[in-house]
Structure formats: structure tokens, C-alpha cells
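J.: Dropping the sequence and predicted coords here.
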Amino acid sequence: MSFYDQVMRELVLALGGALFVANALALYRRRSGVPDASGGSPHGGETTDLAQAPIARSVTYMLIGLIVALWALASIIKS
């Protein structure tokens, strides 16, 4: 196995793990929907941030991230 193959597997593992962890944190830290102390967006316009992370989307992305990370880990261990 070449150096670049190993690096690619490690990057895929990191991206899958990051996708899983980021969406798990989004579910953990769901906001209540109350505007912040500044009254909205710092740019003065409408805010495009979601008040709460959608559960179905977050769980779906968590599963995708978990599958990708496990697949990359299995590829690293196998080689």
C-alpha cells in the first residue's frame, strides 16, 4: 500500500468521524429558538440559522458518518 492510499483512508476516517460527532453535538445542543442577546444576526439581516437541528436529518447524517468511519477503519486495519 502506498503512502497516498494510507493518507486517503485516514482522511476518510476523519471526515466520517467529524460528520458523526458534529451532528451528535447538534442534537445535543438543540437551541430553544429564542433569539440571542443581540437580537438576531450580527449582519443586520435575517438570520438563516435554524432554531433547532432537524432530528431526522441529523440522525441520517450521523448514520452516514458512522458507516463511512467504520468502513475506513476496517480498511485501515485490513491493510
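T.: Yep, it's here. If you're wondering where the values come from, they're calculated on a predicted model, not measured in any experiment.

J.: what bits of this protein have low per-residue confidence?
T.: For the chain, the stretches flagged by pLDDT under 70 are 31-50.

J.: most residues in a single helix of it, which one?
T.: helix 3-28 (DSSP state H).

J.: residues of that helix that come out buried?
T.: Neighbour counts over helix 3-28 (16 or more other Cβ atoms under 10 Å) mark Arg9, Val12, Leu13, Gly16, Gly17, Leu19, Phe20, Asn23, Ala24, Ala26 as buried. Just so you know, the C-beta spots here come from the backbone N, C-alpha and C atoms, and that holds for glycine as well.

J.: State the distance from the spatially most central residue of the chain to Ala69.
T.: Against the mean C-alpha coordinate of the chain, by Cα atoms, centre = their mean, the closest residue is Leu19 at 2.8 Å. Distance, Leu19 to Ala69, using Cβ to Cβ, to the nearest Å: 8 Å.
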